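Chemist: kindly return the folded structure for what I paste below:
(chains A and B)
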Amino acid sequence: MKLKEPLTESYFYILLCLSEGTKHGYGIMQQTQEMTRGRVKIGSGTMYGATGNMMKKGWIEECMDTSDGERRRSYRLTEEGRSVLRDECERLKELLSNAEKLMGGKGL
Amino acid sequence: MKNIKVERAVYAAWDYELELEHLNKMSEKGWQLIHGGCFHTKYERNENVVYRYQLDHNMKIENRMRYIDTYREQGWEYINSTFNGWHYFRKVYDPAKPAEEYEIYSDRPSKEEMTGRLSRLLMVLAVLVGILFVGSLAALICDLEMALIGIVVEMLAALILTGVGCVRMRSAGRGERAMKKFPIAALVAVALAGLAWFMVFASTEQRIEANWAQVNDGWAELPLQMTLPDWVDICVQCHDTQAMTVTVSGENGFERAYDVSTDAESDEALVKRIENLFLMPGDYVIQVDCAPTAMGLSIEID
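Modeler: Okay, here's the model as predicted:
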């Protein structure tokens, strides 16, 4: 399934966090907040919608994580999701490379 | 001793931001929402805490547990859901935390997904009301009594308000001050007036019976006045063998003719029915043409 549209930052960061391994919603939200230095904080409504859509598309799966002693509702990336994430990175690389070419030099 | 307060405010779907402002203000004053709804809002007295409230609209939640968990993870306490897809949440307010802490939609696309769902629901309502309005208008054109104008006005008001509501939803992204409660009160008042008119009407039955035993000079006439559109059965009974024509004529050149024959030899054939003739409101004349010697002719209209 070829990616047709760019991902929003929320979708991108959810997939990115899950590329490391199984995580629960709060963990994804926190890690995203850290990685973006507080700029992207995924709200509950956004999270529910995004995870629901991505599960429907087969990019992520729901699972039960018992690693920290209690049963927590968690998500994990599927092969399809990983491939979507890679494609999106390719798109972003191309985007940035074109910007550097036209606007000259690194650091823009 | 718990103190409970109940408010009966009517909130339109597109005024949910107004409702949220109100709930937050009430919380600051010490009244905490414990049950939210379109017409009935319940508060509990508690001056020791301040909450911030949020409303989500979602008619199709596939996994309720996942939904509530996703909110609970970030500190949102689930309060209740309404029949029309609204869900109430609250979070303890801490002034040290930034404003985004109290939002549930953190980016525009996801916020617009929500308002888009709501808009589509309102569009469906607007279309339904539009269909009702067109129907009422058609009935009005067929020369009905003034009473139905009430319904038409009600429908038009509902159509305008729902239509305006949909437009406002789409441009509500900037969180502008929404319309006050007046349009809603007006809509409710007009809807009630329309309903009252309609009930007065529906309660009056239409039943016309006429019998006459003699036919004069080969024809007989029966006037019929229809006040509401309805189906009519014309029943022709004759004690004799007769071939006759029953003609129903109305305003604007409306005419229906039926050939009916009764047969004295057969009991069943003495009664002939013209069934399910649909007539719009207006004045009609039912005429029977037959031989002058016919006796015992009666016509019943049900």
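
Chemist: going forward, measure contacts and count neighbours with C-alpha atoms only.
Modeler: OK.

Chemist: which parts of chain B sit against chain A?
Modeler: Neighbours of chain A within chain B, by CA under 8 Å from any CA of the partner chain: B:56, B:66-67, B:70-71, B:73-74, B:100-101, B:103-107, B:110-111.

Chemist: mind listing what's buried along the lengthiest helix in chain A?
Modeler: Ranked by residue count and defined by DSSP state H, the top helix of chain A is helix A:79-103. Residues of helix A:79-103 classed as buried: A:81-85, A:88 (neighbour count, 16 or more other CA atoms under 10 Å in any protein chain shown).

Chemist: go on, stretch A:22-35?
Modeler: Applying 16+ other CA under 10 Å to stretch A:22-35 flags A:22-29, A:31-33 as buried.

Chemist: of these, list those near chain B.
Modeler: A:25-26.

Chemist: out of the buried residues of stretch A:22-35, which one sits closest to chain B?
Modeler: Checking these against chain B by CA to the nearest CA gives A:Y26 as the nearest, at 5.8 Å.

Chemist: is the closest one in contact with B:E73, as I believe?
Modeler: Yes: with contact defined as CA atoms under 8 Å, A:Y26 reaches B:E73; the gap is 5.8 Å.

Chemist: where do the strands of the stretch 201-302 of chain B begin and end?
Modeler: Along the stretch 201-302 of chain B, counting by DSSP state E, counting those that start in this stretch, strands occupy B:208-211, B:219-226, B:230-237, B:242-249, B:255-262, B:271-279, B:282-289, B:298-301.

Chemist: tell me what angle the third one forms with strand B:282-289.
Modeler: What that stands for is strand B:230-237. If you take axes from the mean of the first three to the mean of the last three CA atoms, to 10 degrees, strand B:230-237 sits at 20 degrees to strand B:282-289.

Chemist: check which helices and strands strand B:230-237 sits against.
Modeler: strand B:271-279, strand B:298-301 (3 or more CA pairs under 8 Å, 6 or more residues apart in numbering or on different chains; DSSP states H and E).

Chemist: report the buried residues of the first one.
Modeler: Translated: strand B:271-279. Under the neighbour-count criterion of 16+ other CA under 10 Å, strand B:271-279 has B:271-272, B:279 buried.

Chemist: and these, which is closest to B:R8?
Modeler: Looking at those and their distance to B:R8, the nearest is B:L279, at 44.6 Å (CA to CA).

Chemist: from B:V236, how far off is the closest one?
Modeler: According to CA to CA, to the nearest Å, B:L279 and B:V236 sit 18 Å apart.

Chemist: and for A:N53?
Modeler: 67 Å.

Chemist: same check, this time on B:C38
Modeler: To B:V236, B:C38 is 56 Å away according to CA to CA.

Chemist: name the residues of stretch B:45-62 that come out as buried.
Modeler: Neighbour-count burial for stretch B:45-62, counted by 16+ other CA under 10 Å, picks out B:45-46, B:50-57.

Chemist: circling back: strands - which of the buried residues of stretch A:22-35 land there?
Modeler: A:23-24 (DSSP state E).

Chemist: show me which residues of chain A sit near chain B.
Modeler: For chain A, the contact set with chain B under CA under 8 Å from any CA comprises A:10, A:25-26, A:41-49, A:73.

Chemist: which ones among those are found in strands?
Modeler: Judged by DSSP E, the subset of the residues of chain A next to chain B located in strands is A:R73.

Chemist: dump the residues of chain A next to chain B into CSV; add distance to B:A291 as well.
Modeler: Shown next, in CSV, are these (distance: CA to CA, whole Å):
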residue, distance to B:A291
A:S10, 88
A:G25, 90
A:Y26, 93
A:K41, 92
A:I42, 89
A:G43, 87
A:S44, 85
A:G45, 82
A:T46, 83
A:M47, 85
A:Y48, 82
A:G49, 79
A:R73, 89
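
Chemist: of the residues of chain A next to chain B, the lowest pLDDT goes to which?
Modeler: The lowest pLDDT within the residues of chain A next to chain B belongs to A:R73, with 89.

Chemist: closest one of the residues of chain B next to chain A to A:E5?
Modeler: B:S110 (15.1 Å).
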